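Participant: can't give you the sequence, but here's the structure:
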């Protein structure tokens, strides 16, 4: 694909996928989706966490409306003693703060951000401390290309992740697309795993 066409193509794809998401994942459908995603996390990720034999640092996110959500699962992980960190708006970078699963999240100053915690700051390099990173996305294709909201926040943030850190992206099952469906640019960080309401899919072997 001609690189000069990629930004426009991405914008069109993003707009169409987000439109479909807003129309589909509302009310009871959204609640059912969250419950199914939590069940998949419990089936596929909880055993991996238990096998580590220690409390982990888990990076997640607070979803915007209609976005795939793991917030209830993250709340339980925090109550179990794991350190859960969520992103905060810090201009061109993501900051990271701890969330204990109990405090109320506050509105973010960032456009297209969910709510934010006010706990201990891990700074903009917070993903360097994470053992598990769960990212949002607009869509992912089966070649591991992730389509975000267009600002490159997670591409920059993931540069801090350690090689051994497990990284997966959480999306709705309708947002996992055929390989090659999304244009990949040089700065795009490939995604190794995707979890949806339908289960966990390995796109490339995790470390």
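Facilitator: Thanks, I have it. Keep in mind the model is a prediction, meaning the values are calculated, not measured.
Participant: average pLDDT across stretch 77-84?
Facilitator: Mean pLDDT, computed over stretch 77-84, is 98.
Participant: Just the buried residues of the one helix or strand in the chain whose mean pLDDT sits lowest, please?
Facilitator: Between all helices and strands in the chain, the lowest mean by mean pLDDT, DSSP states H and E belongs to helix 6-24, at a mean of 86. Residues of helix 6-24 classed as buried by neighbour count (16 or more other Cβ atoms under 10 Å): 10, 13, 14, 17, 18, 21. For every residue, glycine as well, the C-beta is placed using N, CA and C.
Participant: Residue nearest the middle of this structure, spatially speaking?
Facilitator: Most central residue of the chain, judged by C-alpha distance to the mean C-alpha position with Cα atoms, centre = their mean, is residue 135 at 1.7 Å.
Participant: rewinding a little: next SSE after the least confident helix or strand of the chain?
Facilitator: helix 27-44 (DSSP states H and E).
Participant: quick one: buried residues of the following helix or strand past that next one?
Facilitator: The helix or strand immediately downstream of helix 27-44 is helix 46-52, counting by DSSP H and E. By neighbour count, and taking 16+ other Cβ under 10 Å as the criterion, the buried residues in helix 46-52 are residue 49.
Participant: circling back: how many degrees apart are the least confident helix or strand of the chain and helix 27-44 in direction?
Facilitator: Using axes from the mean of the first three to the mean of the last three Cα atoms, to 10 degrees, the interaxial angle of helix 6-24 with respect to helix 27-44 works out to 110 degrees.
Participant: Need the residues that contact helix 6-24.
Facilitator: Applying Cβ atoms under 8 Å, 6 or more residues apart in numbering, the contact partners of helix 6-24 are 1, 65-67, 138-139, 147, 149-150, 172, 174-175, 182-183, 185.
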